[in-house]
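Novice: coordinates only, no sequence provided:
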Ligand code: NDP
């Protein structure tokens, strides 16, 4: 005796949507369908985290070959073949997308390869097959997409990160607009692969939102390794030149001739044409679906998780939001994902790992602080003659001794931060960190060996 075709209809088969659909079907027995208009896997698998990380690995070999000399190796005839790496990455992406499909099948989820548009709180229209289906609950998990500054003349001559994975050939030079995650990661990839790389960033220093010491460290190291960074300006115009060259004019009147331009100026939620307004779903100015802590929209049967809600736009967050949604709506356990102290990594050169409050954010919240900072050259880099250093910083509440934030830039930072995040999430104190014996010889041991603070507010809490 069911009123609807499905108990749950998920729109978007990315990280959040797939997890919700699989869990609802296999663990809660909900009759579930998932609609996807592109490849199954979403941004992370198809045009984000996975192919990006593989390209980062590919680009790292150049430095590894240089480092190897200090360890007695002679590396001759090292040649890079872009089509080989590109195609290998795409083959891996296709394999993973196939696995996602298999897992959905195994979980008993109906896969609908179509564009779904919300008609009303319980109805979805499939636009290619022109069918209508009904569901007790609809989950919007459509993610986001890259955008370009539409009003900038010549913007169409540039690419976005989505195109970068599929380039026919590697450019000899590239100008990247933006100073966030994607700009820094692709500058690392391109310059590592030998492309003459320039970042054009509108602010004073790249990686806004990260701790100021980390931003300075990464910017200096990218510059040291050959990335040109132009701050305080934006691209005003791109003009086509002969032989597919481009002339980029900046607002500061600087002119750059380049083979390629890449827009890495952020991402926007995928809600355009999704019918949400007609179903009465409230959205923010940038198109993000507005949800509460339980991922509920203002329409009682419509929910949203992941980048489309523009909370913290990271794959593991979308997955945790999806799990909490299914537990609450289908498994009788009220669960909300706690968005505090989510760690993240930037796979730049050097890579960054960060969790918790930056020094600035902690002060803005009124904390009196003890700040610990260390910088060192990892053992491996010394024999290699590699000048890249590691920076580690602990932001500690002076009153409670609780470690509020950990910020690392340097080799293995993304791996280290996952473990440090456990301690920050658990609310451990600096004394508890110090009571933990070091693992020697590692870089990570410095995290438990930072003796004296570089600054100590030494006051009672505000
Ligand atoms: P970000 O928000 O990180 O960076 C966008 C950059 O573009 C910022 O430097 C921003 O400047 C700049 N910008 C925005 N608008 C304009 C404009 N009109 N003109 C010039 N510059 C502009 O976005 P990304 O696209 O790099 O990444 C999107 C999100 O995806 C990230 O925030 C993250 O959540 C996720 N992501 C995570 C990754 C990871 O976990 N490793 C990797 C890639 C993406 P300003 O700083 O001044 O605002």
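Specialist: Right, received. Where do you want to start? None of these values were measured; they are calculated from a predicted model. Numbering: from 1, shown residues only.
Novice: skipping adjacent residues, who's closest to residue 268 in space?
Specialist: Distance criterion Cβ to Cβ, 6 or more residues apart in numbering; nearest residue to residue 268, sequence neighbours excluded, is residue 147 at 5.0 Å. Backbone N, C-alpha and C define where each C-beta goes, glycine included.
Novice: so that neighbour makes contact with residue 266?
Specialist: Yes. Shown here, residue 147 and residue 266 form a contact pair, counting by Cβ atoms under 8 Å, at 6.6 Å.
Novice: on that earlier part again, just give the number of residues close to the residue nearest to residue 268.
Specialist: Using other Cβ atoms under 10 Å, residue 147 is surrounded by 13 other residues.
Novice: what about it, distance to the ligand?
Specialist: 8 Å (Cβ to the nearest ligand atom, to the nearest Å).
Novice: give me every residue that touches that residue.
Specialist: Contacts for residue 147 (Cβ atoms under 8 Å, 6 or more residues apart in numbering) come out as 160, 263, 265-268.
Novice: filter these down to the buried ones.
Specialist: 160, 263, 265, 267-268 (16 or more other Cβ atoms under 10 Å).
Novice: state the mean pLDDT of the strand ranked longest in the chain.
Specialist: Scanning the chain for the longest strand, with DSSP state E as the assignment, gives strand 131-140. Across strand 131-140, the average pLDDT comes to 98.
Novice: picking up where we left off before, so what pLDDT did the residue nearest to residue 268 get?
Specialist: Here, the pLDDT recorded for residue 147 equals 96.
Novice: could you count how many residues lie near the residue in the stretch 1-150 of the chain positioned nearest to the ligand?
Specialist: Closest to the ligand within the stretch 1-150 of the chain is residue 149: 5.3 Å, counting by Cβ to the nearest ligand atom. Close neighbours of residue 149, defined as other Cβ under 10 Å, add up to 14.
Novice: now stretch 299-314: buried residues?
Specialist: Going by neighbour count (16+ other Cβ under 10 Å), the buried part of stretch 299-314 is 299, 301-314.
Novice: pull the most distant pair out of those.
Specialist: The span of those, defined through Cβ to Cβ, is set by 301 and 314 at 26.8 Å.
Novice: give me the most central residue, this protein.
Specialist: Residue closest to the average C-alpha location in the chain (Cα atoms, centre = their mean): residue 314, at 5.2 Å.
Novice: could I get the contacting residues of residue 259?
Specialist: Per Cβ under 8 Å, 6+ apart, neighbours of residue 259: 171-174, 244-246.
Novice: which one of those sits in the busiest neighbourhood?
Specialist: With neighbours taken as other Cβ under 10 Å, the top of these is residue 174, carrying 26 neighbours.
Novice: what's the strand or helix carrying that one packed up against?
Specialist: Secondary structure assignment for residue 174, by DSSP states H and E: strand 173-177. When contacts are defined as 3 or more Cβ pairs under 8 Å, 6 or more residues apart in numbering; DSSP states H and E, strand 173-177 packs onto helix 181-192, strand 196-201, strand 255-258, strand 260-263.
Novice: just so I know, which of those lies nearest residue 438?
Specialist: Taking these one by one with Cβ to Cβ, helix 181-192 is closest: 29.5 Å.
Novice: and that closest one, what does it pack against?
Specialist: Here helix 181-192 touches helix 49-68, helix 161-164, strand 173-177, strand 196-201, helix 212-224, strand 344-346, going by 3+ Cβ pairs under 8 Å, 6+ apart.
Novice: hey, which of the ones you listed is tucked in deepest?
Specialist: Using mean count of other Cβ atoms under 10 Å, the stretch among those with the largest mean neighbour count is strand 173-177, at a mean of 25.
Novice: is stretch 265-280 up against the ligand anywhere?
Specialist: Yes. Against the ligand, stretch 265-280 shows contacts by Cβ under 6 Å from any ligand atom at 265-267.
Novice: kindly report the same for stretch 321-339.
Specialist: No. Judged by Cβ under 6 Å from any ligand atom, stretch 321-339 and the ligand are separated, with a smallest distance of 12.4 Å.
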